[in-house]
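>>> everything below, folded, please.
(one chain, ligands or ions: 1)
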Amino acid sequence: MAYVYDDQNIFAKILRGEIPNNTVMETDHTLAFRDLHPQAPEHVLVIPKGAYVCHDHFALEASEAELVDFMRTAGRICADLGVQPGEGGAGYRTISNAGVNGLQEVPHYHLHILAGRPLGPLLAKA
Ligand code: AMP
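Numbering: from 1, shown residues only. Here you go, the predicted structure:
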């Protein structure tokens, strides 16, 4: 089944400059900005500039340049936030929700980077 991308989603509008965002980092293929409703002291969203719906769409169909750029950008943000466990930071969590069961609200692929407090168990009880 082909992925169907809705270009009216809020992150598409951010990428087109139609609504503002609090940018943390921007590269050729990737944009990272602060979540509007942060769930932790540090809550950054990393998105590809390409039209990908969710993680598997991006992982399966993005170019190598897009994939590398996205992952390196996410890593650089962790470094800039000072949260890398290997470098003495207190750690963080990355999350990517997909589809109905993942409770994905915005249908443009994004990686949440959450940090700045103990983040508790991975999943709440259903
Ligand atoms: P998800 O449920 O994984 O799709 O997460 C979507 C995230 O986007 C939520 O954490 C929202 O707070 C965040 N969000 C929605 N609109 C905006 C916006 N205009 N700027 C920044 N973050 C947003």
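
>>> C-alpha only now, for contacts and for neighbours.
Noted.

>>> pull the residues that contact the longest strand along the chain.
Criterion DSSP state E: the longest strand present in the chain is strand 42-48. The list of residues contacting strand 42-48 from outside it, by C-alpha atoms under 8 Å, 6 or more residues apart in numbering, reads 24, 29-35, 66, 70, 73-74, 81, 108-116.

>>> in its sheet, what does it sit against?
strand 30-34 (antiparallel), strand 111-115 (antiparallel) (DSSP bridges).

>>> and those: which comes nearest Ala98?
strand 111-115 (10.4 Å; C-alpha to C-alpha).

>>> what comes into contact with that closest one?
Under the contact criterion C-alpha under 8 Å, 6+ apart, strand 111-115 has outside partners 39-47, 78, 83, 91-96.

>>> which of those residues are buried?
Among these, the ones that count as buried by 16 or more other C-alpha atoms under 10 Å are 40, 42-47, 78, 83, 91-92, 96.

>>> residue numbers of this structure in contact with the ligand?
With the criterion set to C-alpha under 6 Å from any ligand atom, the chain comes near the ligand through 21, 34-37, 96-97, 103-106.

>>> which residues does the residue nearest the centre of the chain bridge with?
The centre of the chain sits closest to Leu111, judged by C-alpha atoms, centre = their mean, with a distance of 2.2 Å. On the basis of DSSP bridges, Leu111 is bridged to Val46.

>>> state the distance from it to Gly88.
23 Å (C-alpha to C-alpha, to the nearest Å).

>>> ok, now Ala124?
Applying C-alpha to C-alpha to Ala124 and Gly88 gives a distance of 28 Å.

>>> out of those two, which sits in the more crowded spot?
Higher neighbour count among Ala124 and Gly88: Gly88, with 9 against 6, using other C-alpha atoms under 10 Å.

>>> how far does the top helix by length along the chain sit from the chain's center?
Secondary structure of the chain per DSSP state H: the longest helix is helix 64-81. Centroid separation between helix 64-81 and its chain, computed with C-alpha atoms, centre = their mean, to the nearest Å, is 10 Å.

>>> report the angle between the axes of that helix and strand 42-48?
Helix 64-81 runs at 170 degrees relative to strand 42-48, counting by axes from the mean of the first three to the mean of the last three C-alpha atoms, to 10 degrees.
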